[in-house]
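Colleague: Below is the sequence, then the predicted model.
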Amino acid sequence: MISIVVPVYNEKPTIPIVLDKLKKIALEKEIIVVDDGSNDGTKEYLKNIADPEIKIIFHSKNLGKGSALRTGFKYVKGEIVVIQDADLEYHPEEIPILIKPILDGYADVVYGSRFIGTHRVYLFTHYLGNKILNLIANILYNTFLTDLMTGYKAFRKEVIKNLKLKANDFGIEAEITAEIFKHNFRVYEVPISYSGRTYEEGKKIHWYHLFTEIYWLIRQKFTAYDISLDTLLKMGALRNYNYFIYEKIKPFLNKRILEIGAGIGNITKYLLHAEKLVVTDIDEVNLFYLRNRFGVYPNVTILNHNIVSSDLQILKDYNFDTILCLNVLEHIEDDKKALMDIYSIMKDNTKVIIIVPALSNLKGSLDNSLGHYRRYNRENLVKLLKSVGFSVEKVDYFNILGGLGWFLNSKILKRKKFSLIQTWLFDKFCWLLKLENRFKLPFGISLFAVCKKS
């Protein structure tokens, strides 16, 4: 089923035609109309509709398109969500074209582009404003979008549920665009027809809204509504560092691999050569990313599994020879129970590779915002592992380079997240970490351990 959200404000002449066209679409659907305080008779018309396929919600006053959309998104039940404006600029009969990339499984978001499709020759000022906005968005988010302000957008339901939108007015268009590119969702554009209106015909967006859109594009570039996800996304952009981690664990990898708490797959992407790869997480947002990125690989299984509370037999049946637990233990209150559960699913020749944050004295605001219960020292990590029954083959500190930045941000500046510039600089100088491999360092921001059954 698809959910079609229709924001309405003073569209009495066109809303009956739009709803009639939507009803005729040969798809299983629900239509959610949000009247945003209309005062031209639209509200009275909507109040007289009695149709089980149409849900109507009223705002007591005009709050803006963004507010109307956010209200409508709360009620969606379909697997795909489509935005349909209440005027006749966009053609409802083209909704099947809009949602096809999602149905085919290769898109999370689809934009109906007016600039690559058939369109009425309309205002040059609007065309110029769109070009400016698209240029700014493409520079900020390193993409190639042709129509940010299109009123025709389709989303997988999980995308909409994961966007924490704030804009009340037309800024919602830029905010949605910024958020979906920040989240690395798969975005496609398809050509659509467009019948642009004049102001005399009821067009409501004006030249000064350009500055609202620019504000939201820039604001969202530097704003994080979900610090954990924001951190994972920034870590995902650290290509040099992620590959450094992979090279560190590579010598200990075998054929049947379990990755516990994989996040959004920043390391998973290097493990696809495995004969069997099982990837777990407990966060639905992370699982959404994992399924999108790796669900097509026949050797990959993605599970919603909690190592301390879920059925362990599910994992035991896979007969793993390698278990990865990378930056996971610090997020688990009972880390000993987690290690005991890992121990219980191991075969005699299974290797367990662990990375945890090191140096207890560094624990500060960043750890708190990321949900870290603790940081570890070499001695207490070894003691913990041996108490469970592990034979510890290797325990080393690494990443001195990140220690200074962590201390500055977490202990001095009391920040809750890293800046883009800091993460970029760290990744550029990540080659220095390779020098650490030549020495057995007495300290570092992380600990790397390799264990087996004793």
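Modeller: It's in. Numbers count the residues shown, from 1 in each chain.
Colleague: Not counting sequence-adjacent ones, nearest residue to Trp431?
Modeller: Nearest non-adjacent residue to Trp431, counting by Cβ to Cβ, 6 or more residues apart in numbering: Asn240, 6.9 Å away. The C-beta positions use only the backbone N, C-alpha and C, and glycine is treated the same way.
Colleague: Tell me how the protein divides into domains.
Modeller: Structural domains assigned to the chain are 2-223, 228-453, following automatic domain parsing.
Colleague: looking at the ones you listed, which has the lowest confidence?
Modeller: Of all these, domain 2-223 carries the lowest average pLDDT, namely a mean of 87.
Colleague: show me what contacts Asn399?
Modeller: Taking Cβ atoms under 8 Å, 6 or more residues apart in numbering as the contact definition, Asn399 lies against 433, 436, 444-446.
Colleague: Dump the residues you listed to TSV, plus secondary structure and neighbour count.
Modeller: Below are those laid out as TSV (DSSP: H, G, I helix; E, B strand; the rest coil; neighbours: other Cβ atoms under 10 Å):
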residue	secondary structure	neighbour count
Leu433	helix	21
Glu436	helix	18
Gly444	coil	20
Ile445	coil	20
Ser446	strand	23
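Colleague: ok, the nearest residue to Ala107 once chain neighbours are set aside to Ile176 distance?
Modeller: Using Cβ to Cβ, 6+ apart and skipping residues adjacent in sequence, the residue nearest Ala107 is Pro101, 3.7 Å away. Separation of Pro101 from Ile176 (Cβ to Cβ, to the nearest Å): 17 Å.
Colleague: between the two, which one's more packed in?
Modeller: Shown here are Pro101 and Ile176; by other Cβ atoms under 10 Å, Ile176 has more neighbours (25 against 19).
Colleague: List the contacts of that one.
Modeller: Ile176 makes contacts with 153, 163, 165, as judged by Cβ under 8 Å, 6+ apart.
Colleague: From the chain's centroid, how far away is the strand or helix carrying it?
Modeller: Per DSSP states H and E: Ile176 is located in helix 171-182. Distance, stretch centre to chain centre, for helix 171-182: 12 Å (Cα atoms, centre = their mean, to the nearest Å).
Colleague: same for the helix or strand following that helix, what does it pack against?
Modeller: Downstream of helix 171-182, the first helix or strand assigned by DSSP H and E is strand 187-191. Contacts defined by 3 or more Cβ pairs under 8 Å, 6 or more residues apart in numbering; DSSP states H and E place strand 187-191 against helix 95-103, strand 109-113.
Colleague: that older thread, ok, how many other residues are close to the residue nearest to Trp431?
Modeller: Asn240: 14 neighbours (other Cβ under 10 Å).
Colleague: In this structure it contacts Asp427, no?
Modeller: Yes: contact criterion Cβ atoms under 8 Å: Asn240 and Asp427 qualify, at 4.9 Å.
Colleague: Buried residues, the host helix or strand of Phe288. List them.
Modeller: Using DSSP H and E, Phe288 sits within helix 284-294. Judged by neighbour count (16 or more other Cβ atoms under 10 Å), helix 284-294 contains these buried residues: 285-290, 292-294.
Colleague: Tell me what angle the very next helix or strand once past that helix forms with helix 284-294.
Modeller: Counting by DSSP H and E, the next helix or strand C-terminal to helix 284-294 is strand 300-304. Interaxial angle, strand 300-304 versus helix 284-294 (axes from the mean of the first three to the mean of the last three Cα atoms, to 10 degrees): 170 degrees.
Colleague: Please export the C-alpha coordinates of the helix or strand just after strand 300-304 as CSV.
Modeller: Next helix or strand after strand 300-304 toward the C-terminus (DSSP H and E): helix 313-316. Taking Å, rounded to 0.1, in the frame of the first residue of the first chain, the C-alpha atoms of helix 313-316 are listed here in CSV:
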residue,chain,number,x,y,z
GLN,A,313,21.0,-20.8,19.2
ILE,A,314,20.2,-18.8,16.1
LEU,A,315,23.9,-17.7,16.0
LYS,A,316,25.3,-21.0,17.2
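Colleague: And Ala174, how far from Leu277?
Modeller: Counting by Cβ to Cβ - Ala174 and Leu277 are separated by 38 Å.
Colleague: now swap in Lys65 and tell me
Modeller: For Lys65, the distance to Leu277 - Cβ to Cβ - is 44 Å.
Colleague: re earlier: can you dump the C-alpha coordinates of the helix holding Ile176 into CSV?
Modeller: The C-alpha trace of helix 171-182 is given here as CSV (Å, rounded to 0.1, in the frame of the first residue of the first chain):
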residue,chain,number,x,y,z
GLY,A,171,11.8,25.3,4.0
ILE,A,172,10.7,21.7,4.5
GLU,A,173,11.7,21.0,0.9
ALA,A,174,15.4,21.9,1.5
GLU,A,175,15.3,20.3,5.0
ILE,A,176,14.1,17.0,3.5
THR,A,177,16.7,17.1,0.8
ALA,A,178,19.5,17.9,3.2
GLU,A,179,18.5,15.1,5.6
ILE,A,180,18.2,12.4,3.0
PHE,A,181,21.7,13.1,1.6
LYS,A,182,23.2,13.3,5.1
